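A.B. asks: 3D model of this:
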Amino acid sequence: MNNLKKWGTQKLGDIIRLKYGKSLPEKKRIFGPYPVYGSSGIVDYHREALVSGPGIIVGRKGSIGNIYFESNDFFPIDTVFYVEPIRNELDLYFLSCMLSCMNLKNLGADTAVPGLNREVALRQVIHLPPYFAQLKIATILSAYDDLIENNLRRIKILEEMAQLIYKEWFVHFRFPGHENVKMVDSPLGEIPEGWEVKPIKETFDVLGGGTPSKKVPEYWNGNINWYTPSDLTTSGRMFMDESSLKITEKGLDKSSARIFPEKSVMMTSRATIGIVAINTTKACTNQGFITCIPNENYPLYLLYHWLKYNKDHFIRLSTGATFNEISKKVFKEVNVLVPPKDIVNRFEEAIKPIGNLILNLLRKNNNLQQTRDLLLPKLISGEIDVSDLDIDTGRLENDGA
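C.D. replies: Predicted coordinates:
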């Protein structure tokens, strides 16, 4: 049963105000405990907060209409609005979910600098359920968010653990049995005896990418994952299952891109250099990537962590008049340290279970997010009736906000 008629209608401006954030240039930020929010989310941390939490941030310029819920005190900068409730019986987490369903990004002002039109947004008609129903809906959705956040914390710990092991073995040279190995000179400084220094071109294969014409429909919407740098920068994931665009075999033939095997390592090589991820399917990229193909000398996890650790070095190699870029040719001449195979194999055996666990957690989060996204509009619209569900919200139904 749909509850919209029972809920009634009102304007968004009847329950909240949208307040402007405050300018806080990067040079004036002093690191502290309070998140600084821009239209794309948390951009920094500051020693002072502007708004007491919990609160809601709404993208005003740039990523128009993006919605963020923050439990603690925070500082919204001048590219966002923050929400000031007018009504008492209003659950802020529920409100953040409701706002995310309103397609505020389509309410941009027709100005030289596009931005969310506050007056138009506040005139939008909404259906607001009773307070107890808000709490129940918020409890259901926040349970998904809590599981996702817990998995993200576990993933972060696992990634840090793997990177520490890499540094211990291949940077500080405290690998198993290092006590019995003497150090010798090399082009990269002192290294363990028996280890080699070789250029990348002699160590593993490197592929570039390409883009077929966007004007030819038959090149696109195929079944081949085709990655752009934004796929990696917005995801922030170690593993990538899906790309935002897919090309066809014809599109692949009309570009300089080549399909590379699953479990290769992609690294952005333009603009934002050094974002690294592992593809889980056969894929290809546009020209903003360098893709490294693992082999027995440099298997998957050694290659991945070597690329991540050397990010700053690759940035220094970049050139370009209009944007930073590291060419495939320059990259192939970089010297890499090649350890003995027994050390490489032991590292791979140690890190592979960590990598598998990270991949499983990422896929669990993907399933949780998809389920949450399916439930969200149905709960917010009243299509799923929660009034008779026995849900412990932690608050009495007749409590105020």
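A.B. asks: Nearest residue to Pro261 in space, please, no chain neighbours.
C.D. replies: Nearest non-adjacent residue to Pro261, counting by Cβ to Cβ, 6 or more residues apart in numbering: Lys282, 6.1 Å away. Backbone N, C-alpha and C define where each C-beta goes, glycine included.
A.B. asks: That neighbour and Lys167, how far apart?
C.D. replies: Distance, Lys282 to Lys167, using Cβ to Cβ, to the nearest Å: 31 Å.
A.B. asks: Count the residues that sit near the residue nearest to Pro261.
C.D. replies: Using other Cβ atoms under 10 Å, Lys282 has 14 other residues around it.
A.B. asks: repeat for His178
C.D. replies: Neighbour count for His178, taken as other Cβ under 10 Å: 14.
A.B. asks: Bridged to the closest residue to it other than its chain neighbours, which residues?
C.D. replies: Excluding the flanking residues, the one nearest His178 by Cβ to Cβ, 6+ apart is Pro192, at 6.8 Å. Taking DSSP bridges as the rule, Pro192 bridges to Met183.
A.B. asks: and Pro192, how many neighbours?
C.D. replies: 19.
A.B. asks: you'd agree it is up against Glu179?
C.D. replies: No. Contact criterion Cβ atoms under 8 Å: Pro192 and Glu179 do not qualify, at 10.9 Å.
A.B. asks: State the distance from Glu179 to Phe173.
C.D. replies: According to Cβ to Cβ, Glu179 and Phe173 sit 11 Å apart.
A.B. asks: who has more neighbours, the two?
C.D. replies: Neighbours per residue (other Cβ under 10 Å) separate Glu179 from Phe173, with Phe173 holding more: 16 against 6.
A.B. asks: list the contacts for the closest residue to the more buried one other than its chain neighbours?
C.D. replies: Residue nearest to Phe173 in three dimensions, not counting chain neighbours: Pro192, with 5.6 Å by Cβ to Cβ, 6+ apart. Residues near Pro192 by Cβ atoms under 8 Å, 6 or more residues apart in numbering: Phe173, Phe175, His178, Val181, Lys182, Met183, Val184, Pro339.
A.B. asks: swap the cut-off to 7 Å and go again
C.D. replies: Taking Cβ atoms under 7 Å, 6 or more residues apart in numbering as the criterion, Pro192 is in contact with Phe173, His178, Val181, Met183.
A.B. asks: Select from those residues every entry located in strands.
C.D. replies: Among the contacts of Pro192, the subset assigned to strands under DSSP state E consists of Met183.
A.B. asks: and of the contacts of Pro192, the nearest to Glu242?
C.D. replies: Phe173 (38.4 Å; Cβ to Cβ).
A.B. asks: Quick check: pLDDT value at the closest one.
C.D. replies: Reported pLDDT at Phe173 in the predicted model: 96.
A.B. asks: Please report how far it lies from Ala138.
C.D. replies: Applying Cβ to Cβ, the value for Phe173 to Ala138 is 52 Å.
A.B. asks: tally of neighbours for Gln134?
C.D. replies: 23.
A.B. asks: Would you agree Phe74 is in contact with Ser52?
C.D. replies: No. Counting by Cβ atoms under 7 Å, Phe74 stays clear of Ser52, with 8.7 Å between them.
A.B. asks: ok, the two, which is more surrounded?
C.D. replies: Phe74 (24 against 9).
A.B. asks: The residue nearest to Tyr166 when sequence neighbours are not counted: how many residues sit nearby?
C.D. replies: When the adjacent residues along the chain are set aside, Tyr166 lies closest to His305, with 3.9 Å between them (Cβ to Cβ, 6+ apart). As a burial measure, His305 scores 23 neighbours (other Cβ under 10 Å).
A.B. asks: His305 belongs to a helix?
C.D. replies: Yes. Counting by DSSP: H, G, I helix; E, B strand; the rest coil, His305 is part of a helix.
A.B. asks: check contacts around it.
C.D. replies: His305 neighbours (Cβ under 7 Å, 6+ apart): Ala162, Gln163, Tyr166.
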